[in-house]
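K.L.:
sharing a sequence plus its predicted fold:
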Amino acid sequence: MVEKRINYSLKNKRIWIVGHNGMVGSAILRKLKRLNCQIQICQRKDVDLRSQPDVLNWMKKKKPEVIFLAAAKVGGIFANMNYPQDFLYDNIMISFNIINSAKLVDVEKLIYLGSSCIYPRKAKQPFCESSLLTGELESTNQWYSLAKISGIKLCQAFRIQHNCNFISIMPTNLFGPMDNFDEKNGHVPAALLNRFHKAKIKEVPSVEVWGSGNPLREFMYVDDLADACVFLAKNYDSIEPINVGSGLEISIKNFAFLIKQIVGYKGKVIFDKSKPDGPKRKLLDSTKIKKLGWSPKYNLKKGLKLYYKWYLDNITLLRK
């Protein structure tokens with residue numbers, strides 16, 4: 001199906017960025033600050049997104065017209081495998097409360113952020129949107145994946161039953177400012193950047209990387225995703241989810257060596273093959289969004305350099 005561009009304006013809209021303190025939410029916030037709109041945010045201490053009454057009461061008071069739903073509990077392989085209840089329950093509750101309340105307060109448009117993890121582990125790659133629910137999920141992140149799939153399906157259900165203008169975006173693996181740099185719970189880019197930097201400062205002779213280094217991954221700088229989210233809010237209106245990726249893939253081994261180079265670490269890199277690799281390959285088919293006229297602006301090396309600069313500028317804050 002060929003997607004047609006629409007022309008929805010964000011000008012002067014009351015826009016709630018849910019999860020504005022996270023990597024994706026903060027990138028969307030930076031992007032929207034350049035536009036003529038009214039940005040709404042809420043703090044965790046004021047609204048528990050897992051609580052339906054909290055969410056609904058806040059939305060009744062603020063009356064957002066557009067919502068970017070970027071809040072989620074996220075993490076790498078270790079976190080997904082060790083905290084399944086948190087990843088399933090928290091993410092379902094956050095998504096369901098906000099999506100349901102959006103219908104109750106007549107939100108004009110909701111942009112739901114999913115994940116490339118939703119696609120079956122044996123689906124043909126690059127993953128196209130029609131692959132959803134055609135097979136078994138990757139076991140190492142199934143809890144998070146199930147929660148995100150539930151959010152997509154709820155958006156579709158509200159569109160079918162109530163004609164709600166709710167769309168779903170599936171981003172690839174991301175990195176950028178406000179990432180989670182925790183050694184055990186962070187994603188690959190953050191964990192590696194943090195590890196190489198600490199090894200450089202402490203002059204550690206070697207750095208360990210989980211797995212064989214052979215799996216292929218697609219990575220994208222988060223500001224590109226923010227740009228895509230705003231683009232799709234203006235130009236996309238469909239029941240089908242839409243992928244957002246760079247279209248390029250790199251092995252974890254080469255990715256690790258690229259980060260090593262950017263950080264300036266001189267020691268050895270050791271791949272611990274006793275640790276899980278995750279999927280052998282994970283690449284999105286971003287044909288749909290490209291046909292609409294969008295493409296990423298940052299190549300991998302440029303994005304990683306900006307990433308490391310932000311890390312260095314904020315390292316004191318990250319240690320707190």
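P.N.:
Arrived safely, thanks for sending.
K.L.:
can you give me the strands for the stretch 51-200 of the chain?
P.N.:
66-69, 109-113, 166-171, 173-175 (DSSP state E, counting those that start in this stretch).
K.L.:
right, and these - which one's nearest L306?
P.N.:
Evaluated over the strands of the stretch 51-200 of the chain, closeness to L306 peaks at strand 173-175, with 9.7 Å, by C-beta to C-beta. C-betas here are computed from N, CA, C, even on glycine.
K.L.:
could you find the closest non-adjacent residue to E136?
P.N.:
Spatially, and ignoring its direct neighbours in sequence, E136 is nearest to P120 (5.9 Å; C-beta to C-beta, 6 or more residues apart in numbering).
K.L.:
returning to that earlier point: which one, of the strands of the stretch 51-200 of the chain, ends up nearest to I39?
P.N.:
Ranked by C-beta to C-beta, the member of those that lies closest to I39 is strand 66-69, at 10.0 Å.
K.L.:
got a list of what I39 touches?
P.N.:
Applying C-beta atoms under 8 Å, 6 or more residues apart in numbering to I39 gives the contacts 15, 17, 29, 32-33.
K.L.:
any of these buried? List them.
P.N.:
Taking 16 or more other C-beta atoms under 10 Å as the criterion, what is buried in the contacts of I39 is 15, 17, 29, 32.
K.L.:
and the residues you listed, which two are furthest apart?
P.N.:
Between all members of those, the farthest pair (by C-beta to C-beta) comes out as I15 and L29, at 9.7 Å.
K.L.:
flag the shaky bits of the stretch 201-320 of the chain, pLDDT-wise.
P.N.:
316-320 (pLDDT under 70).
K.L.:
which residue ranges of it form helices?
P.N.:
Here the stretch 201-320 of the chain has its helices, by DSSP state H, counting those that start in this stretch, at 222-235, 252-263, 287-292, 300-313, 315-318.
K.L.:
ranking the ones you listed by burial, who's on top?
P.N.:
helix 222-235 (a mean of 22; mean count of other C-beta atoms under 10 Å).
K.L.:
quick revisit: now the helices of the stretch 201-320 of the chain in JSON lines, with distance to I39?
P.N.:
Listed next are the helices of the stretch 201-320 of the chain as JSON lines, based on distance: least, C-beta to C-beta, whole Å:
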{"stretch": "helix 222-235", "distance to I39": "12"}
{"stretch": "helix 252-263", "distance to I39": "32"}
{"stretch": "helix 287-292", "distance to I39": "24"}
{"stretch": "helix 300-313", "distance to I39": "21"}
{"stretch": "helix 315-318", "distance to I39": "22"}
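K.L.:
which elements pack onto the longest helix belonging to the chain?
P.N.:
In the chain, taking DSSP state H as the definition, the longest helix is helix 142-162. Contacts defined by 3 or more C-beta pairs under 8 Å, 6 or more residues apart in numbering; DSSP states H and E place helix 142-162 against helix 77-82, helix 91-104, strand 109-113, strand 166-171.
K.L.:
what's in contact with the first one?
P.N.:
What that stands for is helix 77-82. 87, 140-144, 184-185, 210, 276, 278.
K.L.:
okay, and which of the buried ones among the contacts of I39 map to strands?
P.N.:
15, 17 (DSSP state E).
K.L.:
show me which of the buried ones among the contacts of I39 is closest to Y8.
P.N.:
Looking across these and measuring by C-beta to C-beta, the closest to Y8 is I15, at 12.1 Å.
K.L.:
does the closest one really touch I67, like I thought?
P.N.:
Yes - under the criterion of C-beta atoms under 8 Å, I15 makes contact with I67 at 7.4 Å.
K.L.:
picking up where we left off before, okay if I get the strands of the stretch 51-200 of the chain as CSV plus distance to D48, mean neighbour count and mean pLDDT?
P.N.:
Listed next are the strands of the stretch 51-200 of the chain as CSV, based on distance: least, C-beta to C-beta, whole Å; neighbours: other C-beta atoms under 10 Å; pLDDT from 0 to 100:
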stretch, distance to D48, mean neighbour count, mean pLDDT
strand 66-69, 16, 26, 98
strand 109-113, 19, 24, 98
strand 166-171, 22, 25, 98
strand 173-175, 25, 23, 96
